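Enquirer: could you work out the structure for the sequence below:
(2 chains)
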2 protein chains.
Amino acid sequence: MTDEAPGVAATPRPPYTAVIFTSTRTPDENGYAPMAQQMYDRAAKQPGYLGVESAREDIGITVSYWRDEESARNWKQVAEHLVAQRRGRDVWYSDYRVRVATVHRDYGPDESELG
Amino acid sequence: MTDEAPGVAATPRPPYTAVIFTSTRTPDENGYAPMAQQMYDRAAKQPGYLGVESAREDIGITVSYWRDEESARNWKQVAEHLVAQRRGRDVWYSDYRVRVATVHRDYGPDESELG
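Expert: The predicted structure is shown next:
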């Protein structure tokens, strides 16, 4: 994660873009943790970045939030990120899926959303 | 999770609906684990259910996938689930956010998605 305290990302009102990255890891650590940290830090500086949430048990889920799909797409093409993606495919991940989604509505404990 | 081996959910081609539930827990265990299991099992029987992915470290992320938004909405209104939601708000979660999203595109390691 970033330097912020981990918690629910403070995203603005919808709509915005969510990139859901789900993965299973290989046993090969080989630089994974520092690279992951570097990617969190680098993503946070990217235009249109809104926040990230991440957790790993049997599977890992990282959801990054973006102002729009273009911002998410631009992050995908950042040179350092391309290197990390390649290494992820080759070494760190036994399986993964990336899902690009538009968040239409959201609510928390303080909102009485009944649908 | 369900009885299936945990892994990346085998969702069909987009579009479909993703409900991203992010939470932080209170220290109060008090029936949480069995209730969570019960909800995974019950959700899997719900019409339009496509799969679920879940992990918890500092924060918990559960993404459930649905054929459409109506299926997701129907699951939200199932009686047992309403009880669990209430108990979540009152006892188990210190914070949470539910984000309802439409997945437009997705890709895995075997697809050369370059944008």
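Enquirer: from the chain's centre, how far out does the longest helix that chain A contains sit?
Expert: Assignment by DSSP state H gives helix A:32-44 as the longest helix of chain A. Counting by C-alpha atoms, centre = their mean, to the nearest Å, helix A:32-44 is centred 10 Å from the centre of its parent chain.
Enquirer: give the other helices and strands that whichever helix or strand comes after that helix contacts.
Expert: For helix A:32-44, the succeeding helix or strand toward the C-terminus, using DSSP states H and E, is strand A:49-56. On a contact count with 3 or more C-beta pairs under 8 Å, 6 or more residues apart in numbering or on different chains; DSSP states H and E, strand A:49-56 meets helix A:32-44, strand A:60-66, strand B:49-56, strand B:60-66. For the C-beta atoms, the positions are set from N, CA and C on the backbone; glycine is no exception.
Enquirer: tell me which strands strand A:49-56 pairs with, and in which orientation.
Expert: Looking at strand A:49-56 with DSSP bridges, its partner strands are strand A:60-66 (antiparallel).
Enquirer: how about residues contacting the strand it pairs with?
Expert: The contact list for strand A:60-66 (C-beta atoms under 8 Å, 6 or more residues apart in numbering or on different chains) reads A:9, A:11, A:16-25, A:43, A:48-55, A:72, A:75, A:103, B:20, B:22, B:53-55, B:61, B:63.
Enquirer: again, only this time at 7 Å
Expert: Under the criterion C-beta atoms under 7 Å, 6 or more residues apart in numbering or on different chains, residues A:9, A:11, A:16-23, A:25, A:43, A:48-55, A:72, B:20, B:53, B:55, B:61, B:63 lie in contact with strand A:60-66.
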